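let me see the structure of the following:
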Amino acid sequence: MSDSWPYIAVMVFLGVYPVLGALLWIAGAAAFSFFREGARADERFYALDPPPRVAVLIAAFDEDLTIGRTLRPTAARRGRSTPACPGSPATTC
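Presented below is the predicted three-dimensional model:
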């Protein structure tokens, strides 16, 4: 069986395919690097955007007296000392 041509063809394919595939990936990466990231690369492309703003939603129903215990540690993580509560005075938070 090891002398039959289908067996030899499959073994050659299994030996050549990974190497040929890797060489094609390397060639593609080199072409991308040359044409996209070469000397003419735009530095604005790599500039980082400012970090996104994050909103924290805390579910609370009839928590007028105790919501401050929840909001103060949450706001302190961001560096704020007093959280803002929409629609209510800051003293109740």
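
got the CA coordinates for the helix or strand of the chain at the bottom of the mean pLDDT ranking in PDB?
Across the helices and strands of the chain, mean pLDDT, DSSP states H and E gives its lowest value to helix 43-46, namely a mean of 72. Output of helix 43-46 as PDB, limited to C-alpha atoms (Å, rounded to 0.1, in the frame of the first residue of the first chain):
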ATOM      1  CA  GLU A  43       0.900  58.200  12.500                       C
ATOM      2  CA  ARG A  44      -2.700  59.300  13.100                       C
ATOM      3  CA  PHE A  45      -3.800  55.800  12.300                       C
ATOM      4  CA  TYR A  46      -2.000  54.600  15.500                       C
END
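
so how far is it off the chain centroid?
Helix 43-46 sits 18 Å away from the centroid of its parent chain (Cα atoms, centre = their mean, to the nearest Å).

stretch 68-80 now?
With Cα atoms, centre = their mean as the basis, the mean position of stretch 68-80 lies at 27 Å from the chain mean.

ok, Ile67 - how many residues close by?
17 (other Cβ atoms under 10 Å). (Glycine included, C-beta is placed from N, CA and C.)

tell me the domain ranges of the protein?
Per the record, the chain has its domains at 5-46, 49-93, by automatic domain parsing.

what's the least confident stretch among the ones you listed?
Mean pLDDT values for these show the minimum at domain 49-93, a mean of 69.

ranges for the helices of the chain?
5-36, 43-46, 67-76 (DSSP state H).

most tightly packed of these?
With neighbours taken as mean count of other Cβ atoms under 10 Å, those reach their highest mean count in helix 67-76, at a mean of 14.

which elements pack onto that helix?
Judged by 3 or more Cβ pairs under 8 Å, 6 or more residues apart in numbering; DSSP states H and E, helix 67-76 has no packing partners among the helices and strands.
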